[in-house]
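>>> Generate a structure from the sequence data that follows.
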Amino acid sequence: MKVALIYKKSVWELFSDSKDTNVSSYISGKADAKESFQESHRIQKSTIEAIKNKLIESGTEIDMVYRSEITESAIDAADLVISVGGDGTFLEASHYISDNTPILGVNSDPLRSVGFFCSCTKENFEELFNDLNNGPRTNLSRISMKIDGLTTGPPVLNDILFANPNPAATTRYEVEGESYRNSGILVSTAAGSTAWSFQEGLDPLPLTSDRFQFIHRGTRGPVSGITSSIKINSQTRKGKLFIDGDHYSLPLCIGQSIEINAGQSINVIGNLEIKRSQFIQQNLKTS
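Alright, predicted model coming up:
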């Protein structure tokens, strides 16, 4: 078996390599922040090494890939994709999976990261890996995009935001003949409905639903809905689509349109239903 092992760099690594003087002065002047970053760095490195060593012991062929250097060929050649990090690393890896190749998320620092998509930590990775063929799986729906009729972008697992790249500026667009002027429109999958859209006040969709929800942001008496298809006509001169966070974006300028539909599902190792139920119960108690 061949595994594509996708990993992220710690905040400490990124900050240490930064040539930004504000960053360097911040970490040198904040002893408690520096200590926290270094501790998280040690935990993350320890997790990556533990996963790698267990795979080597099992005779598994490994291709280690930094998350910002993932290629389609690396994912296509793998029988299994393992992401070591948090949800951001998992989401980035998911963009390159175009078939039924399973993906397993390992939370590299569970004390500092929710890691909803991550089914294990380094402590229980071996147990889950050894029972790979018999353990639980969760099939999650993704959404696809067409800009001006042409399929584009990666399959989307969490959400798509269409907005003006300047957060202080108005986003203008049209949906089903209705014009909107607000802070943009957020479209969330069922899996993503406990993330950003949940914070916007929407109720989560059933986890394995192939429908998705949307909300017009910054609108008095927020307008939202659930659908399996939506078309957005941009009336924003320099509009932008943000895909699964801030790492991947596409322009959607005035006169362009995007069609969003149900896309290919993804095969996730682990029972995410349990994790989601715990999350919802926890938030119901605190709300």
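>>> quick one: buried residues of the helix ranked longest in the chain?
Among the elements of type helix in the chain, defined by DSSP state H, the one spanning the most residues is helix 31-57. Of the residues in helix 31-57, those buried under the neighbour-count criterion (16 or more other C-beta atoms under 10 Å) are Phe37, Ser40, His41, Ile43, Gln44, Thr47, Ile48, Ala50, Ile51, Lys52, Leu55. Where C-beta positions appear, they are placed from N, C-alpha and C, glycine not excepted.
>>> hang on, the fourth one packs against Asn107?
Translated: Ile43. No. Using C-beta atoms under 8 Å, Ile43 and Asn107 do not qualify as a contacting pair, with a distance of 10.3 Å.
>>> where do the helices sit along this protein?
Under DSSP H, the chain gives helices at 11-17, 21-29, 31-57, 72-76, 87-94, 125-130, 196-199, 272-286.
>>> Out of the ones you listed, which gets nearest to Val175?
Between Val175 and the helices of the chain, the tightest spacing by C-beta to C-beta is seen for helix 196-199, at 16.2 Å.
>>> What's the mean pLDDT across that closest one?
Per-residue pLDDT values across helix 196-199 average out to 93.
>>> OK, contacts around Ile254?
Residues near Ile254 by C-beta atoms under 8 Å, 6 or more residues apart in numbering: Ser234, Gln235, Thr236, Arg237, Gly239.
>>> quick one on the thing from earlier: to Arg211, which of the helices of the chain lies closest?
Between Arg211 and those, the tightest spacing by C-beta to C-beta is seen for helix 196-199, at 12.9 Å.
>>> In terms of secondary structure, what does that closest one contact?
Secondary-structure packing of helix 196-199 (3 or more C-beta pairs under 8 Å, 6 or more residues apart in numbering; DSSP states H and E): strand 159-163, strand 184-188.
>>> repeat that with 10 Å
strand 159-163, strand 184-188, strand 212-217, helix 272-286 (3 or more C-beta pairs under 10 Å, 6 or more residues apart in numbering; DSSP states H and E).
>>> from what I can see Ile48 touches Tyr7, true?
Yes. Contact criterion C-beta atoms under 10 Å: Ile48 and Tyr7 qualify, at 5.3 Å.
>>> overlap in contacts of Ile43 and Asn107?
Thr121, Lys122 (C-beta atoms under 10 Å, 6 or more residues apart in numbering).
>>> rewinding a little: for ChimeraX, write the select line for the buried members of the contacts of Ile254.
In ChimeraX, selecting the buried portion of the contacts of Ile254, with burial taken from 16+ other C-beta under 10 Å, looks like this:
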select :234,235,236,239
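>>> Show me the shaky parts of this protein.
For the chain, residues meeting the criterion pLDDT under 70 lie at 222, 284-287.
>>> Show me how it divides into domains.
In terms of domains, the chain is parsed into 2-140+266-271, 143-262 (source: automatic domain parsing).
>>> follow-up on the earlier one: dump the helices of the chain into JSON lines; add distance to Met145 as well.
As requested, the helices of the chain are arranged in JSON lines below (distance: least, C-beta to C-beta, whole Å):
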{"stretch": "helix 11-17", "distance to Met145": "29"}
{"stretch": "helix 21-29", "distance to Met145": "34"}
{"stretch": "helix 31-57", "distance to Met145": "32"}
{"stretch": "helix 72-76", "distance to Met145": "17"}
{"stretch": "helix 87-94", "distance to Met145": "15"}
{"stretch": "helix 125-130", "distance to Met145": "32"}
{"stretch": "helix 196-199", "distance to Met145": "17"}
{"stretch": "helix 272-286", "distance to Met145": "24"}
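>>> Out of those helices, the one nearest Pro165 is which?
Where the helices of the chain are weighed against each other on C-beta to C-beta, the nearest is helix 196-199, at 17.0 Å.
>>> Which positions within that closest one qualify as buried?
Trp196, Ser197, Phe198.
>>> Also stretch 273-287?
Residues of stretch 273-287 classed as buried: Lys275, Arg276, Phe279 (neighbour count, 16+ other C-beta under 10 Å).
>>> The second one against Gly192, yeah?
Just to be clear, that refers to Arg276. No. Counting by C-beta under 10 Å, no contact exists between Arg276 and Gly192, whose distance comes to 11.5 Å.
>>> one step back: out of the buried residues of helix 196-199, who's nearest Asp210?
Set against Asp210, the nearest of the buried residues of helix 196-199 by C-beta to C-beta is Ser197 (16.3 Å).
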